[in-house]
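1. sequence first, predicted coordinates after that:
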Amino acid sequence: MKFHLKSLVMATAAALSFAAMAADSIKIGLSGPFTGGSSPMGVSMRDGVKLAVSEVNAAGGVLGRKFELVERDDEAKNERGVQIAQELINKEKVVATVGFINTGVSLASQRFYQEAKIPVMNNVSTGTIVTKQFLPPEFADNYIFRTSANDTVQSAMIVDEVMKRKYTKVAILADSTNYGQLGREDLERTLATKGIKAVAVEKYNIKDVDMTPQLLKSKQAGAEVVITYGIGPELAQIANGMEKLGWKVPMLGSWTLSMGNFIDNAGKNGDGARMPQTFIQDGNTPKRKAFIEAYLKAYKPANDRISSPVSAAQGYDSVYILAAAIKQAGTTDGPKVREALEGLKEKIDGVVASYDKPFTHDDHEAIKMGMPVMGQVENGRVVRAK
Amino acid sequence: MEILLQLLFSGIALGMIYAVIAFGYQLTFATSGTLNFGQGEALMLGALVGLSLVSTIHGGPYLNFWLMIPVVMVFGALQGAVVEWIGVRPAIKAKSEFGWIMSTIALAIIFKNVAENIWGKDDLTFPSPVSATPFHVFGANVQLMQVLVVIGAIAMMLAVELFNRKSIYGKAVVATSNDPDAAGLMGINTGMVITFSYALSSATAAFAGVLVAPLTLTGATMGTSLGLKAFAVAIIGGLTSGMGAVVGGLILGISETLTGFYVSTGYKEVPGLVLLLLVLAIKPAGLFGKAAIKKV
């Protein structure tokens, strides 16, 4: 009898805890490219998010419940992103989704979250329009938030650098994706406010193997600096293409110049490239140091180099901001979580920055002007630019 | 003037890459009237196998660049024979008009997936066997590797042409391409000749792969767009003419760099493809191709 009672209690306890786990975990969607040219960003972001989630869960979770991630590889393809959004919303019934690396994928997928009133934390994609798709008066509330430095912030920093170094002739090389072309527009607009018109504005396709015409046009126009908007592999083709032509001017560009697949494939040709960074892997505060150490320990990237530190840090912070909002809302109900995000009371000490009221009803950008710093490629690593 | 020269040099290097792959299409078309739509993937596999041999990614380096080339070509030949054996021979046996199209495309996708699993989906750098620092020719910059691509491509094509014209085995190939039935009656093992042509075609593609890899990046997806452009070259130049492949390749390569510079980089692929449409409309056998008269 005694034995029976014991096993009964145990079985009940096990069943209860199992039920508690299954019913009570808070499901968070995670969408990003874990393969292909954008994967250094996608994988680093995913690992940053996982690290934050494991820490949140180790500390007891939120509202007494654990976070559970539902990961999907969107392959940087817009149509894949749409399928995943529908799956996460309708089948997995996620409470919120974090991720999105590619501006095009963000723009294509977010509509479904907006309609379902489920908050989205964009933690990497940077197109200025990403958080501005669903604005009043057409939409009363916007469910799209962001924890990365948008193109407006980045192009302002790039143009500041141009002014600081007194370049007057700049060439812009941007890829033909949504990311490259929207970024190019931002750049041209910001340059115009300083009275600079690019001497050459060129375009290339993903997987192009020859950049000769684009670079020759820039060279011919007397460019003193090449400003880039693209992703790693083709940026490396540009750096290597300059060597092919025996023409060397500084490279300056969006934050993607910090991607591992640019640095590795460009080798010495990539040295000196400068880009805005929200996070640099050098641990200059205890919080950042702890984050870098925990990341290296958990995911062991090659040569102890996080392939995209920016993505990892922004992914990490996005989870903490979301967790604080769910805690404040006291529920996982989408509209309530959005309200909490827009009036966050808790001050969050993140690795990118300290967030004090990061969002309001009309401002969904956590990274403000002045938060990112300039980084520079040096011997295969990104360091703080002097 | 220097600019024009620079554009021409880059266009020639690019065009010769297209030409070698296009040449591979022609080899199999000549003997069996079929094409290997996985030509781009054969190039990709050659480049990646070469990379594994000369770099440290799979515990190497095992060989230096020059010794690696014959190994890669043997690998390419085996891979081509497999494609013929699995994808093309059943279709020829069944007298299927189009079966080989689907099966070579299917094999191409399989090869790409296998490569993604072995080498990953990221692009990798291929160590250049010669100095990457450019030298000057009449004021334009040229890299030694670009010159090697052009020389290698021409040498490859000359070697195959010589083999076909001078050696007894080559004559069997030519005989099969002229009239397979008569060749069969003369005691030529035409099945063997077709397998051989596939092996040769993939071996040239693999060779092209290791030639271009130091100039571009190496990865599972590198072959797809190159294979497609080379197909356009083969159509422009004509599927029956080695000369056509070279001229077609140069036309496409040079028109890309010239349009990119003088018109717009957004339109650089348009003139070559317009030419493709024109050729198909006016001279469907290609600029240098012999029109095939099909007796019914």
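-> Sure, I can see it.

2. which bits of the stretch 201-350 of chain A sit near chain B?
-> Proximity of the stretch 201-350 of chain A to chain B, by Cβ under 8 Å from any Cβ of the partner chain, involves residues A:202-204, A:207, A:209-210, A:212-214, A:216-217, A:220, A:233, A:236-237, A:240, A:243-247, A:261, A:264-265, A:267. For the C-beta atoms, the positions are set from N, CA and C on the backbone; glycine is no exception.

3. next one: phi and psi at residue B:36?
-> Dihedral angles phi and psi of residue B:36 (degrees, to the nearest 10) take the values phi -100, psi 100.

4. chain neighbours aside, what residue packs nearest to it?
-> Counting by Cβ to Cβ, 6 or more residues apart in numbering or on different chains, residue B:36 lies nearest to residue B:104, which is 5.1 Å off, once chain neighbours are set aside.

5. give me the residue from chain A nearest chain B.
-> Minimum separation of chain A from chain B (Cβ to the nearest Cβ) falls at residue A:213, amounting to 2.9 Å.

6. and residue 26, backbone torsions?
-> You didn't say which chain, so I picked chain A. Geometry field for residue A:26 lists phi and psi as phi -100, psi 120, criterion degrees, to the nearest 10.

7. same check, this time on the one 10 residues further on
-> For residue A:36, the backbone dihedrals are phi 90, psi -170 (criterion: degrees, to the nearest 10).

8. element containing the closest residue to residue A:130 other than its chain neighbours, please.
-> Nearest in space to residue A:130, with sequence neighbours left out and distances taken as Cβ to Cβ, 6+ apart, is residue A:106 at 4.9 Å. Taking DSSP states H and E as the criterion, residue A:106 maps to helix A:103-116.

9. now swap in residue A:29 and tell me
-> Following DSSP H and E, one finds residue A:29 within strand A:26-32.

10. pretty sure the residue of chain A closest to chain B contacts residue B:7?
-> Yes. Between residue A:213 and residue B:7 there is a contact under Cβ atoms under 8 Å: 6.9 Å.

11. compare neighbour counts for those two and give me the winner.
-> residue A:213 (27 against 22; other Cβ atoms under 10 Å in any protein chain shown).

12. part of a helix, is residue A:252?
-> No. Per DSSP: H, G, I helix; E, B strand; the rest coil, residue A:252 lies outside any helix segment and is strand.

13. hmm, who's touching the helix or strand containing residue A:292?
-> With elements taken from DSSP H and E, the one containing residue A:292 is helix A:286-299. With Cβ atoms under 8 Å, 6 or more residues apart in numbering or on different chains as the test, helix A:286-299 has contacts from A:47-48, A:50-51, A:54-55, A:279, A:281-283, A:301, A:304, A:306, A:309, A:312-313, A:316, A:349-351.

14. filter the residues you listed down to just the ones in strands.
-> Among these, the ones falling in strands (DSSP state E) are residue A:349.

15. which of the contacts of helix A:286-299 are buried?
-> The neighbour-count criterion (16 or more other Cβ atoms under 10 Å in any protein chain shown) marks A:47-48, A:50-51, A:54, A:279, A:281, A:301, A:306, A:309, A:312-313, A:316, A:350-351 among these as buried.

16. done for today, thanks.
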